[in-house]
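Novice: Give me coordinates for this.
(chains A and B)
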There are 2 protein chains.
Amino acid sequence: MKVEIWSDVVCPWCYIGKRRFERALEAFPHEVEVVFRSFELDPAAPVRSGETVTASLARKYGGAERVAAMQEHVRRQAADEGLVFRLDETPHANTVDAHRLLHLALDEYGLEVQARVKEALMSAYFEDARDVSDPAVLREVATAAGLESGRIEAVLTGDEYADDVRADVAAAAAYGANGVPFFVFEGRYAVSGAQPAEVFGRALEQVWEATRPSPVTVVAGAAGDVCGPDGCA
Amino acid sequence: MKVEIWSDVVCPWCYIGKRRFERALEAFPHEVEVVFRSFELDPAAPVRSGETVTASLARKYGGAERVAAMQEHVRRQAADEGLVFRLDETPHANTVDAHRLLHLALDEYGLEVQARVKEALMSAYFEDARDVSDPAVLREVATAAGLESGRIEAVLTGDEYADDVRADVAAAAAYGANGVPFFVFEGRYAVSGAQPAEVFGRALEQVWEATRPSPVTVVAGAAGDVCGPDGCA
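Specialist: A predicted model of the protein is given here:
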């Protein structure tokens, strides 16, 4: 089965949802191919701004208190998944370059390496509060995850895979996704949000049942003329 | 969309069904990949027997009259599709070699060439009453349809693709097909027999609707936590 996950590197529910989905995958007995698709929560976010998300949100929503309460809720949910989020230090960061590297990984290295890069980027951002818009950070994380430094450099200094990022964003819109994480199973069934692992588990089972080849459904009601071992009458 | 058609070269309803299906395809606006799968109506049929099907059937079912009535019915249905069947001359013929060449065509040349070989074999048999168990006939037909003579020779003098023929036959049995033609759409929906073109047309539409990616079905009932352009609350 193929599952595409639209998410952003800097989206806390995406990282939490990723862990919950992974728990469901562990309990699921069939093979699943996971592809990470790009989504930009804030395409206008700056590169290496130096500002924290907390400060940026406080400006936007008026008041650090509300932001702190929101972040506390997220932090607890993350902790339940074994993730230590450093939300008051994470920088407000553009993610288009991170997404372009994720496409490089998918295109030239395959699913496993893309998954490794995705995990490394999210961990760098949420657990180490590193600026994933900073080319130096991206270079380091992507190299450690197995990408070749010459290709990383070529992508970061050019605009390779920008089209693919845009296509992913457009595809999410076409699916009607207005937030992430957004999971699409076999191109036909969707689950929205960081659902509990049990919900992902049920979705996997349900889609598996709905899309398995056997038994076939006979479409035409009446039987047509056939030839068999006993003739064509 | 992918459609697999199980049929035998010497099966009259298969050729008639092929024409009806082709009419449905012409009216269907989306791209369809057609693959021909092997089915042997009579695996014990002889090679170059010299006996006609009519004589063989008369022996089996006792009486040329019943066979003539059966063949007249088939001949009329064929004529409605623009096919002139020479049923009283067609030889009782083994088809395993014809099927092995069809697998060679699929494997090394692709769908279009396989379709060309299939059509040429059926036409040679039903319209020209040629013996499709005869290596000389197979060589001529397959060469004219675009297969390379060295490869044809290698297949005809060895047992290449015999496994694939057996696998196709086993797959048909697994689908519960006890006669041909048998059509499987997207590996999941089946139509049995030489149905009217309208039935094939409706099946194409129905399967298209049932298997298209958009709109997606949302599996999980309640919404999960998401981050969107306006934050993660």
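Novice: wait, what's in contact with A:Ser149?
Specialist: By Cβ atoms under 8 Å, 6 or more residues apart in numbering or on different chains, A:Ser149 lies in contact with A:Arg139, A:Thr143. In this view, the C-beta of every residue, glycine as well, is placed from N, C-alpha and C.
Novice: And for A:Arg139?
Specialist: A:Ser149, A:Ile152, A:Glu153, A:Leu156.
Novice: among these, which ones are buried?
Specialist: For the contacts of A:Arg139, a burial check counting by 16 or more other Cβ atoms under 10 Å in any protein chain shown picks out A:Ile152, A:Leu156.
Novice: Where do the strands of chain A begin and end?
Specialist: A:2-7, A:33-38, A:182-185, A:189-192, A:217-218 (DSSP state E).
Novice: which ones are touching A:Pro43?
Specialist: Contacts of A:Pro43 by Cβ under 8 Å, 6+ apart are A:Asn94, A:Val96.
Novice: before we move on, the earlier item: most widely separated two among the contacts of A:Arg139?
Specialist: Farthest pair in those (Cβ to Cβ) is A:Ser149 and A:Leu156. Separation: 10.3 Å.
Novice: Out of the contacts of A:Arg139, which is nearest to chain B?
Specialist: Nearest to chain B among those is A:Leu156, at 25.1 Å by Cβ to the nearest Cβ.
Novice: burial count for the closest residue to the closest one other than its chain neighbours?
Specialist: Nearest residue to A:Leu156 in three dimensions, chain neighbours excluded: A:Pro135, at 5.1 Å (Cβ to Cβ, 6 or more residues apart in numbering or on different chains). Neighbours of A:Pro135 under the rule other Cβ atoms under 10 Å in any protein chain shown: 15.
Novice: what do you get for A:Val117?
Specialist: Based on other Cβ under 10 Å, the number of other residues close to A:Val117 is 26.
Novice: now swap in the one 3 residues further on and tell me
Specialist: Counted by other Cβ under 10 Å, the residues lying close to A:Ala120 total 17.
Novice: closest to chain B out of the strands of chain A?
Specialist: For chain B, the closest of these is strand A:189-192, at 4.2 Å, according to Cβ to the nearest Cβ.
Novice: right, is that closest one up against chain B?
Specialist: Yes: contact of strand A:189-192 with chain B is found when judged by Cβ under 8 Å from any Cβ of the partner chain, involving A:Tyr189, A:Ala190, A:Val191, A:Ser192.
Novice: could you give me the average pLDDT of that strand?
Specialist: Averaging pLDDT along strand A:189-192 gives 90.
Novice: for it, the distance to its chain's centre please.
Specialist: 13 Å (Cα atoms, centre = their mean, to the nearest Å).
Novice: Tell me the helices and strands packed up against that strand.
Specialist: Judged by 3 or more Cβ pairs under 8 Å, 6 or more residues apart in numbering or on different chains; DSSP states H and E, the packing partners of strand A:189-192 are strand A:182-185, helix A:197-211, strand B:217-218.
Novice: helices and strands around the longest one, which ones?
Specialist: When you say that, I think you mean helix A:197-211. Judged by 3+ Cβ pairs under 8 Å, 6+ apart, helix A:197-211 is in contact with helix A:12-27, strand A:182-185, strand A:189-192.
Novice: Run the chain-centre distance for it.
Specialist: 18 Å.
Novice: That helix: which residues count as buried?
Specialist: In helix A:197-211, counting by 16+ other Cβ under 10 Å, buried: A:Ala197, A:Val199, A:Phe200, A:Gly201, A:Arg202, A:Ala203, A:Leu204, A:Gln206, A:Val207, A:Trp208, A:Thr211.
Novice: Any chance of JSON lines for those residues, columns pLDDT?
Specialist: Shown next, in JSON lines, are the buried residues of helix A:197-211 (pLDDT from 0 to 100):
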{"residue": "A:Ala197", "pLDDT": "95"}
{"residue": "A:Val199", "pLDDT": "92"}
{"residue": "A:Phe200", "pLDDT": "94"}
{"residue": "A:Gly201", "pLDDT": "94"}
{"residue": "A:Arg202", "pLDDT": "91"}
{"residue": "A:Ala203", "pLDDT": "91"}
{"residue": "A:Leu204", "pLDDT": "93"}
{"residue": "A:Gln206", "pLDDT": "87"}
{"residue": "A:Val207", "pLDDT": "88"}
{"residue": "A:Trp208", "pLDDT": "88"}
{"residue": "A:Thr211", "pLDDT": "76"}
